[in-house]
Each structure stands twice: as C-alpha cells, then as structure tokens.
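Colleague: sequence-free structure coming up:
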C-alpha cells in the first residue's frame, strides 16, 4: 500500500496559489519527501523534494510539518500549464530493505480555471 | 541529452500473445522501475531492479516478467497470463545511492490488447 494519502482533486483559479496536502503519518526519520506531477499521456516529472526544512525552487515550494507527518506543495500562481496530477512519495535510505520499492498513491488532480 | 526511452509509444496485440515493452536509459542509473497506470488511476509498481542481474516483484507482478541483463535496459514482458493487460506502462530510473536523486520517467507505452 502507498505510504502517502492525498485528496483526489483540487480546483484553483488561474493566478491564484494552490496548496496541495500530503499525509505521511508513518514516515521514518530518514525518509525524503518527493513530489512529482504528471501531465496527460506523459510520464511524471520531478517537482521538488525535502527532508525537514521548507524548500523552494523555480517550480514550487514545499512546506514540511514540524513532526514530518504531512507536507504541502505550494504552487504560488497557478497557470493552465499546472493542470496535472500531483504525487507525493517517500524515499527511504539505501540501508533499509524497502528502499527500492517506491510506491505512488492516486495523487491529486489539479484543475485550473481561467 | 540523457533520459529514458520507451518504445513503442502505442502497441496493439491480440489476446493470448506475449508482448515485450522496451525501456532504455543513458543516465547511468542502477535502479529501474516498471509501473502500470489505468485510466484515472495512480501508478502501481510491477517490478523494480536495484542493480544488473537482480530484480524484485512489486505490488502487481502477476502476469509480467522482466530481465536486467544490461544496466541501461529493463524490458517488460506482458504475458498471456495477465488478465487485464490493456494499460499505460511507465518505466523509470534513479540513482539508488542518492535519496535526493529524482525518478526519471519515460513517456510511456500505451498497450491495447483485444
């Protein structure tokens, strides 16, 4: 079973911020949190990752709860090109037996309205 | 440019035939993955390989087989034993030693079995 849970869908108006939550209550202290997005009929692409501190890059920001049991991907100004399915996954360290079994949940479908 | 190539983009087969999907990467990644995606669903892990000549079953391996004879190649065979083979298949790779290393995905093969 996927180790993360996300809402099925979220809607936003163009130019408005989008906050995408992800719950990962069973996260271990050494798991990294990764986010990906998938456009229709394409493979997912990497968006951002983090461990404990909040992170920013050109695509998005990642806010990680202090207890690390949840995180939020923030798209600061949604555009029509941001309409996609967004996935969060956990990356365990190489030293664990399960490091290779990278599982995705159903993700969150983001709908952007002009 | 480095990346993952999946071929063909579309594949049609008759029921009862085995079919092999190609996945090649030139990223020098040790770990490679196969995922299946059904319409409106998330990604489900079929098989993964951490290193050459080694692979493990994912969550839905029944009816599928793989090989990993070369670092850059990880072909997936959909056998006649797979009851519902029609789906979108995605291949991915990553550097297992780096938890910050993102998964790189190909653009998928859409398999239709009639």
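Modeller: Nice, I can see it. Note that the structure is predicted; figures quoted are calculated from it, not measured.

Colleague: Can you tell me which residues in chain B are near chain A?
Modeller: Contact residues (Cβ under 8 Å from any Cβ of the partner chain) of chain B with chain A: B:4, B:31, B:33, B:35, B:41-45, B:48, B:50, B:56, B:58-59, B:88, B:90, B:92, B:94, B:96-97, B:99-100, B:102-108, B:110. C-beta here means a position set from N, CA and C on the backbone, and glycine is covered the same way.

Colleague: what's near enough to touch the residue nearest in space to the middle of chain B?
Modeller: What sits nearest the mean C-alpha location of chain B, by Cα atoms, centre = their mean, is residue B:34, with 2.9 Å. Residue B:34 makes contact with B:23, B:45-48, B:58, B:64, B:66, B:74, B:76, B:89-91 under the criterion Cβ atoms under 8 Å, 6 or more residues apart in numbering or on different chains.

Colleague: for residue B:31, same thing?
Modeller: A:100, B:48-51, B:93-96.

Colleague: Residue A:49: which of the residues you listed is nearest?
Modeller: residue B:94 (11.6 Å; Cβ to Cβ).

Colleague: Verify the stated contact: that closest one with residue B:101.
Modeller: Yes - with contact defined as Cβ atoms under 8 Å, residue B:94 counts as touching residue B:101 (5.2 Å).

Colleague: Comparing the two, which residue is more hemmed in?
Modeller: residue B:94 (25 against 19; other Cβ atoms under 10 Å in any protein chain shown).

Colleague: Quick one: name the residues of chain A near chain B.
Modeller: Counting by Cβ under 8 Å from any Cβ, the residues of chain A near chain B are A:2, A:30, A:32, A:34, A:36, A:41-46, A:49, A:85, A:87, A:91-94, A:99-107.

Colleague: how does it look with 10 Å?
Modeller: For chain A, the contact set with chain B under Cβ under 10 Å from any Cβ of the partner chain comprises A:1-2, A:6, A:8, A:30-32, A:34-36, A:38, A:41-51, A:85, A:87, A:89-94, A:99-107, A:109.

Colleague: what about the strands in chain B?
Modeller: Remark: strands assigned in chain B by DSSP state E are B:4-7, B:10-13, B:19-25, B:31-37, B:43-51, B:54-57, B:64-66, B:76-78, B:87-94, B:104-105, B:109-113.

Colleague: Can you list the strands that the second one pairs with?
Modeller: What that stands for is strand B:10-13. Using DSSP bridges, the strands paired with strand B:10-13 are strand B:109-113 (parallel).

Colleague: okay, the angle between the strand it pairs with and strand B:31-37?
Modeller: With axes from the mean of the first three to the mean of the last three Cα atoms, to 10 degrees defining the directions, strand B:109-113 sits at 50 degrees from strand B:31-37.

Colleague: List the buried residues in strand B:109-113.
Modeller: By neighbour count with 16 or more other Cβ atoms under 10 Å in any protein chain shown, strand B:109-113 contains the buried residues B:109, B:111, B:113.

Colleague: of all these, which comes closest to chain A?
Modeller: residue B:109 (10.4 Å; Cβ to the nearest Cβ).

Colleague: which ones are touching the closest one?
Modeller: Going by Cβ atoms under 10 Å, 6 or more residues apart in numbering or on different chains, residue B:109 touches B:6-11, B:19, B:21-23, B:76, B:78, B:87-91.

Colleague: Kindly report the same for residue A:50.
Modeller: Contact partners of residue A:50, counting by Cβ under 10 Å, 6+ apart, are A:32-35, A:56, A:61-64, A:68, A:71, A:73, B:100.
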